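# Here's my sequence, what's the structure:
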Amino acid sequence: MASKNMQKMSRSNVKARHWMESNGYSDIFLFQHSRFSKDYHFQGQEFDGIASHEDRVVFFQVKSNRKAIKKTLQEYAALSAKFDIECLWFNAIDRKGLQINNQPAETFNMLGAWLI
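Residues are numbered from 1 along each chain as shown. A predicted model of the protein is given here:
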């Protein structure tokens, strides 16, 4: 039987994947977590998965009940600009729903995501 943390992580991943599929993202791949390997590292940032959106590479991080700090979002913005990619931080809160880059999923807009 999976631990409560693993069950919660799985629910969070499903929410993020569903949002991505509903919003035109494809080729969604979540990196497998193990005891020794947790996240994929790219340019000093950690990511849980990779996808594509409108011919762009998308790196994303999925957390449960932990918002991204402003510094992380600024670093994501710098990576996005430098490599012409998207970097998304999903925060799946059980009772409040999904947030993307600290914005509600229903009103998330990539263009406004970096206006911090």
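
# show me what contacts the closest residue to residue 65 other than its chain neighbours?
Counting by CB to CB, 6 or more residues apart in numbering, the nearest residue to residue 65 once its immediate chain neighbours are dropped is residue 93, at 5.6 Å. Any C-beta I mention is one placed from the backbone N, CA and C, and that applies to glycine too. Applying CB atoms under 8 Å, 6 or more residues apart in numbering to residue 93 gives the contacts 64-65, 99.

# Roughly how far does residue 93 sit from residue 43?
Counting by CB to CB, to the nearest Å, the separation of residue 93 from residue 43 is 28 Å.

# just the buried members of the contacts of residue 93?
The neighbour count (16 or more other CB atoms under 10 Å) marks 64, 99 as buried among these.

# any chance of the contacts of residue 93 in JSON lines, with pLDDT too?
Converted to JSON lines, these look like this (pLDDT from 0 to 100):
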{"residue": "64", "pLDDT": "81"}
{"residue": "65", "pLDDT": "72"}
{"residue": "99", "pLDDT": "84"}
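
# Residue 22: which of the contacts of residue 93 is nearest?
Nearest to residue 22 among these: residue 99, at 15.4 Å, using CB to CB.

# where's the closest one, which helix or strand?
When secondary structure is defined by DSSP states H and E, residue 99 falls within strand 97-100.
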